[in-house]
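Novice: no letters, just coordinates:
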């Protein structure tokens, strides 16, 4: 009887999002809470007051800053003299690869005008976002390198 009541409670707590089974999202007490919605609305990607360039810049700074640490401190040259510089170069290399694939993704996705009607971005907005991400990523990696090298 306990298993039956547990299954019934689970079914009552989890339902389709807005009672539509075709959305592809389950509505749970966590995903419907105000705290989670407020947190997600404060993320730069969902902030409507920022331009797409600034959204990319903020996200790029965050990713660039935190990419540096694992490459510098956990790489094969850890505990050597050039570990920070090698971490800096490895982080920049990864950001270049990410930016290359993001540009290719935007070129393929926005080439067809049918996609532009279903996505929230246009080709011009995507290019602004990627430009901000590139600048922010390189700036974040550079900031992390300068802070660890000289301070």
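Specialist: All right, it came through fine. Predicted model only: the values in this text are computed from it and were never measured.
Novice: could you list the low-confidence segments of the protein?
Specialist: 1-12, 112-120 (pLDDT under 70).
Novice: give me the most central residue, it.
Specialist: Residue closest to the mean C-alpha point of the chain, counted by C-alpha atoms, centre = their mean, is residue 59 at 6.7 Å.
Novice: what about the helices in the chain?
Specialist: 2-13, 34-42, 52-74, 83-109, 113-118, 123-150 (DSSP state H).
Novice: dump these into JSON lines; add distance to residue 25 as well.
Specialist: C-beta here means a position set from N, CA and C on the backbone, and glycine is covered the same way. JSON lines is the format used below for those (distance: least, C-beta to C-beta, whole Å):
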{"stretch": "helix 2-13", "distance to residue 25": "15"}
{"stretch": "helix 34-42", "distance to residue 25": "13"}
{"stretch": "helix 52-74", "distance to residue 25": "23"}
{"stretch": "helix 83-109", "distance to residue 25": "22"}
{"stretch": "helix 113-118", "distance to residue 25": "17"}
{"stretch": "helix 123-150", "distance to residue 25": "24"}
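Novice: which one of those lies closest to residue 23?
Specialist: Of all the helices of the chain, the one in closest proximity to residue 23, counting by C-beta to C-beta, is helix 113-118 (14.5 Å).
Novice: residues contacting residue 71?
Specialist: 86, 87, 88, 90, 91, 94 (C-beta atoms under 8 Å, 6 or more residues apart in numbering).
Novice: nope, residue 55 is what I meant
Specialist: Applying C-beta under 8 Å, 6+ apart, the residues near residue 55 are 44, 45, 47, 129, 132.
Novice: switch the cut-off to 6 Å
Specialist: 44, 45 (C-beta atoms under 6 Å, 6 or more residues apart in numbering).
Novice: any idea how far the closest residue to residue 67 other than its chain neighbours lies from residue 29?
Specialist: Spatial nearest neighbour of residue 67, chain neighbours left out: residue 91 (4.5 Å); criterion: C-beta to C-beta, 6 or more residues apart in numbering. Distance check for residue 91 against residue 29: by C-beta to C-beta, to the nearest Å, it reads 39 Å.
Novice: of these two, which one has the most company?
Specialist: residue 91 (27 against 9; other C-beta atoms under 10 Å).
Novice: hang on, the more buried one packs against residue 140?
Specialist: No - if you go by C-beta atoms under 6 Å, residue 91 and residue 140 don't touch, sitting 8.7 Å apart.
Novice: nice, that's everything, thank you.
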